[in-house]
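> Would you be able to build a 3D model of this:
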Amino acid sequence: MQRRLTVVEGMALAQDIAQNWQQIWNFQARKGDVLLDTYPKSGMEEVNAMPSPRILKSHLPVHLVPPSFWRHDCKVIYVARNARDTVTSYYHFDQMLQFHPDPNPWENYLERFMKGEVGWGSWYDHVKGFWEMKEKHQILYIFFEDLKKTPLQQIQKVAHFLGKNLPEETLSQIARLSTFDHMKNNPMANNSDFPKEILNQSKSGFMRKGKVGDWKTMFTVQQNEIFEDDYRRQMEDSSLTFHNPK
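I've put the predicted structure just below:
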């Protein structure tokens, strides 16, 4: 399998995804569908067969979300994670993902991430895009760090956004079932049934650590300084701020 990326609409995509781009773009959302969108680590026929309302997952940036989602005023839940932890997690993930280019060495991958030359394109464009559109569409913007710090509060926020009035007992149960440790051992969440030709988890699991601040295990002092300068430059035009772990 060739591990190359193809640029589609200005965004780097794995070749097999790029080949099906028109099918993705023309996807027909239905009224009541909910889209869960994230930048990574942060089959359309099967989806079409799902009964409504559907909960759909995507890594698409806001400008490439199929127009039918906006036409039907679908609700979108967007989860954003700070840049340093994202690139650290994505680096380890791309070592498993067999249709993305080999991420090694780390220093080159970090540079590619800053330039947006990794699968699904620029993290900066992705997080800023949904942030800027949240006042125009039904978009709930949630931070990964808040999910780790105050899970019950964030789950309640999601329930309210979806128009659900859930008892505290149910919210607590959802919080318990959605903890990292529980989901890491859940085949429905850890992708353990994926064929190794697509996702080779022999060295590391799909769900690796799920920690805030894990970037410190990868960044050198110099890399952190360079990254910080670039981060400030790329984020200076946005009001979006993260609780970046120092």
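> what ranges of this structure fall below the confidence cut-off?
Screening the chain residue by residue with the criterion pLDDT under 70, one finds the ranges 1-2, 43, 45-52, 98-99, 179-210, 244-246.
> any chance you could map the helices in it?
Taking DSSP state H as the criterion, the chain contains helices spanning 15-19, 21-25, 44-48, 67-71, 83-96, 106-115, 123-133, 144-149, 151-161, 168-177, 180-184, 187-190, 221-235.
> Identify whichever of those helices lies nearest to Arg4.
Ranking those by proximity to Arg4 (C-beta to C-beta) places helix 15-19 first, at 6.0 Å. Glycine gets a C-beta too; all of them are placed from N, C-alpha and C.
> buried stuff in that closest one?
Buried residues in helix 15-19, counted by 16 or more other C-beta atoms under 10 Å: 17-18.
> And for stretch 122-140?
Neighbour counts over stretch 122-140 (16+ other C-beta under 10 Å) mark 122-131, 133-134, 139-140 as buried.
> Same question for stretch 12-28.
By neighbour count on 16+ other C-beta under 10 Å, the buried set for stretch 12-28 is 12-14, 17-18, 24, 27.
> For Val79, which non-adjacent residue is spatially closest?
When the adjacent residues along the chain are set aside, Val79 lies closest to Thr38, with 4.6 Å between them (C-beta to C-beta, 6 or more residues apart in numbering).
> wait, doesn't the one you found sit right on His59?
Yes. Judged on C-beta atoms under 8 Å, Thr38 makes contact with His59 at a distance of 6.4 Å.
> Those two: which is more packed in?
Neighbours around Thr38 and His59, counted as other C-beta atoms under 10 Å, are more numerous at Thr38. The numbers are 21 against 17.
> quick one: the more buried one and Leu13, what's the gap?
Counting by C-beta to C-beta, to the nearest Å, the gap from Thr38 to Leu13 is 16 Å.
> Then Gly129?
Distance check for Gly129 against Leu13: by C-beta to C-beta, it reads 16 Å.
> quick one, what contacts Val158?
Going by C-beta atoms under 8 Å, 6 or more residues apart in numbering, Val158 touches 77, 140, 142.
> same thing with Gly163?
Gly163 makes no contacts at all, as judged by C-beta under 8 Å, 6+ apart.
> Kindly report the same for Pro40.
Residues in contact with Pro40 (C-beta under 8 Å, 6+ apart) are 59, 90, 93, 119-120.
> of all the residues you listed, which comes closest to Asp214?
Using C-beta to C-beta, Tyr90 is the member of the contacts of Pro40 that lies nearest Asp214, at 11.6 Å.
> And the residue lying closest to the closest one once chain neighbours are set aside, how far from Leu166?
Nearest in space to Tyr90, with sequence neighbours left out and distances taken as C-beta to C-beta, 6+ apart, is Lys41 at 4.5 Å. Between Lys41 and Leu166 the distance, using C-beta to C-beta, works out to 28 Å.
> who has more neighbours, these two?
The residue with more neighbours, out of Lys41 and Leu166, is Lys41; 22 against 16, by other C-beta under 10 Å.
> quick one, phi psi at the more buried one?
Dihedral angles phi and psi of Lys41 (degrees, to the nearest 10) take the values phi 60, psi 30.
> Could the C-alpha coordinates of stretch 163-181 be exported in CSV?
Once side chains and other backbone atoms are set aside, the C-alpha atoms of stretch 163-181 remain, and they are given as CSV (Å, rounded to 0.1, in the frame of the first residue of the first chain):
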residue,chain,number,x,y,z
GLY,A,163,-32.4,19.0,23.9
LYS,A,164,-32.1,16.1,26.4
ASN,A,165,-33.0,16.6,30.1
LEU,A,166,-31.2,13.7,31.7
PRO,A,167,-31.3,12.8,35.5
GLU,A,168,-28.0,13.2,37.4
GLU,A,169,-27.7,9.4,37.7
THR,A,170,-27.7,9.0,34.0
LEU,A,171,-25.2,11.8,33.5
SER,A,172,-22.9,10.1,36.0
GLN,A,173,-23.2,6.8,34.3
ILE,A,174,-22.3,8.4,30.9
ALA,A,175,-19.3,10.0,32.5
ARG,A,176,-18.2,6.7,34.0
LEU,A,177,-18.6,4.8,30.7
SER,A,178,-16.8,7.5,28.7
THR,A,179,-13.6,7.6,30.8
PHE,A,180,-10.4,6.9,29.0
ASP,A,181,-9.7,3.8,31.0
